[in-house]
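Asks: Here you go, sequence then predicted model.
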Amino acid sequence: MAHPIDTRHLRNALGRFTTGVTIISCVDEAGAFVGLTANSFNSLSLDPPLVLWSLREPSPSLEAFLTAPRFAVNVLAEAQVDLSRRFASVAEGRFSEGAWALGGHGTPVLAGCTAVFECATVSQQVAGDHRLFIGRVLACSETALPPLVFQSGHYRLLGEIL
């Protein structure tokens, strides 16, 4: 018989995996920008070009992403740590900071990122206490800036290997 996993222990162990930090953004049905900080982003397929991210089911932003036909994944640079914190909070007017513009595919895109992926939502499904979103990459860009990374509950800087 399998023993139940202690959720705090599991969370700590999962936190040892270093991830990049993103702001996922979309436009809701009323035309407002919606965004949140997420580190649950992964590449899924090159052919077709697919990416995957997840959002907690009780998130107040869930409805906007369920109804939005497109979303953007803005991969943050080290210098954007304050924006990461801002979009991880419930602060009003999150988009008043940062150089935001509507991208070519109708999604909010942030300037100064290490990479941006504009995506069409292909599917979404419930998986445990999260909703998985799969998007087809419609456009992407990248810049040679050091990325912001997150590990064990802290932001980290990515050092060079000598």
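Replies: That came in fine, so what should we check first?
Asks: so where is the protein shaky, pLDDT-wise?
Replies: Residue ranges of the chain with pLDDT under 70: 159-162.
Asks: would you list every one of the helices in it?
Replies: With DSSP state H applied, the chain shows helices at 7-15, 62-67, 81-88, listed in chain order.
Asks: count of neighbours near the nearest residue to Ala88 once chain neighbours are set aside?
Replies: Spatial nearest neighbour of Ala88, chain neighbours left out: Thr37 (4.0 Å); criterion: CB to CB, 6 or more residues apart in numbering. Just so you know, the C-beta spots here come from the backbone N, C-alpha and C atoms, and that holds for glycine as well. By other CB atoms under 10 Å, 19 other residues sit near Thr37.
Asks: With His105 instead?
Replies: 16.
Asks: where's the spatially closest residue to it that is not a sequence neighbour relative to Leu50, distance?
Replies: Spatial nearest neighbour of His105, excluding adjacent residues (CB to CB, 6+ apart): Glu118 at 4.2 Å. Relative to Leu50, Glu118 is positioned 13 Å away (CB to CB, to the nearest Å).
Asks: ditto for Glu29
Replies: 25 Å.
Asks: now do Ser141
Replies: In terms of CB to CB, Ser141 sits 18 Å off from Leu50.
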